[in-house]
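>>> Sequence and computational prediction follow.
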Amino acid sequence: MKFELLNTDTQTKARAGLMETGHGKIETPIFMPVGTAGTVKAVHQRELKEDIQAQIILGNTYHLFLRPGIETLKQAGGLHKFINWDKPILTDSGGYQVFSLSAMRKLKEDGVKFQSHIDGSRHVFTPENVVDIQRVIGADIIMALDECTPGDADYQYARKSMELTHRWLKRGVNQFKNTEALYGHNQTFFPIVQGAVYPELRKQSAETIASYNMDGNAIGGLSVGEPIEKMYEMTDIVTDILPSDKPRYLMGVGTPANILESISLGVDMFDCVMPTRNARNGMLFTSKGIINIKNKKWENDFTLLDPDGTTYVDSFYSKAYLRHLVISKEILASQIASIHNLGFYLWLVKEARKHIIEGTFSSWKNNMIKNLTNRL
């Protein structure tokens, strides 16, 4: 993978860059729609490519490992062929999913034993076999196995968890370097910074991760219950340490405002289930603020979903029509709302990139955030 830093904002740490993978180029900052089990919920691959213009999507090792299973993916020739997607894919190692199953897993030095949430079957993830599984999945960017520390963890727990993540990282990097991609395209491996909300630990973890000199780096263990100010503080600390010539991925974040604030702190890549999950519950993100389309006030509002959002898709549906679909529990409601929200997220990071290049990011961001937090 190649990464070229094209421009940095003079008033913030916001960056515009260009990543090049075996399945195409990615303009950063970028948002990655979440396709956990090989599908971005309620959205067809054609719509992802042609309407939303997604440049990269995310899959999840835990879920793909359980269903459809590694043998099926291997026989298919990897996830790209299995889902008919010819653009880049990133896979999370499954660490977050495993560690969220606290009652169904046992953490040890070697790895983590867990029970499937589907059928109760028992499995083991290690730093090594998570690399092997992601080799079979065939994602362009694969993640290290880490322990996602809870947002309210005390210092001692956070330190021990971080140190375990670092020991696992060493093993994961060795496995990655000693194995080959299976399908004729290159794969790259991202370590993950941990350390909870403790500046000393975040600094130590960022320095450790940077020392491996991998092609990119991720920031994990944020947006997991800690105060939002702490998330920004930890991100700011980490991006001062991670190398500037490599992409930085803030995992699982977040709202449109979170994304703009984190871009200003030097982050390049984002993913979150929020745009599709909230869409299925009737929440829309627009350039003027947030809409709960279930509210009766939209019943006879025949204006477009986002009259000012002329640069992203599905703005040609009216609020009244989408409300009707939602109230009627029509499947099309989830599709239209999901495409709308993802289109907005991709439009937002594209606009951020444009303003970074033009040198107007800071003022644009401050004005945009005022709109993004409005409840319409």
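Great, that's in hand. Computed from a predicted model, the values in this text were never measured in an experiment. Numbers count the residues shown, from 1 in each chain.
>>> now the least confident helix or strand in the chain by mean pLDDT: how far from the chain's centre is it?
Every helix and strand in the chain was compared by mean pLDDT, DSSP states H and E; the lowest is helix 95-100, with a mean of 75. The chain centroid and the centroid of helix 95-100 are separated by 15 Å, computed with CA atoms, centre = their mean, to the nearest Å.
>>> Other residues contacting it?
Applying CB atoms under 8 Å, 6 or more residues apart in numbering, the external contacts of helix 95-100 come out as 60, 62-63, 105, 107, 112, 114, 125, 130, 143, 145-148, 192, 220, 251-252. For glycine as for every other residue, the C-beta is placed from the backbone atoms N, C-alpha and C.
>>> Quick one: mark the members of these that sit in helices.
Tyr62, His63, Val130 (DSSP state H).
>>> gap between the second one and Gly38?
Computed with CB to CB, to the nearest Å, the distance linking His63 and Gly38 is 8 Å.
>>> got it, and the first one?
When CB to CB is applied, the distance between Tyr62 and Gly38 equals 13 Å.
>>> which of the two has more neighbours?
Ranked by neighbour count (other CB atoms under 10 Å), Tyr62 and Gly38 place Tyr62 first, with 25 against 19.
>>> Enumerate every residue touching that one.
Asp92, Gly94, Gln97, Val98, Phe125.
>>> Please repeat the previous calculation with a cut-off of 7 Å.
Shown in contact with Tyr62 (CB atoms under 7 Å, 6 or more residues apart in numbering): Gly94, Gln97, Val98.
>>> any idea which of these is closest to Glu27?
Checking the contacts of Tyr62 against Glu27 by CB to CB gives Gly94 as the nearest, at 27.7 Å.
>>> what's the burial count for that closest one?
Other residues lying near Gly94 total 24 when counted by other CB under 10 Å.
>>> thinking again about what came up before, which of the contacts of helix 95-100 fall within strands?
Asn60, Arg105, Leu107, Val112, Phe114, Phe125, Met143, Ile192 (DSSP state E).
>>> Quick check, the second one in contact with Ser116.
The one in question is Arg105. No. The criterion here is CB atoms under 7 Å, and Arg105 misses it with Ser116 at 10.7 Å.
>>> higher neighbour count, these two?
Arg105 (18 against 15).
>>> Skipping its backbone neighbours, what lies nearest the more buried one in space?
Spatial nearest neighbour of Arg105, chain neighbours left out: Phe114 (3.8 Å); criterion: CB to CB, 6 or more residues apart in numbering.
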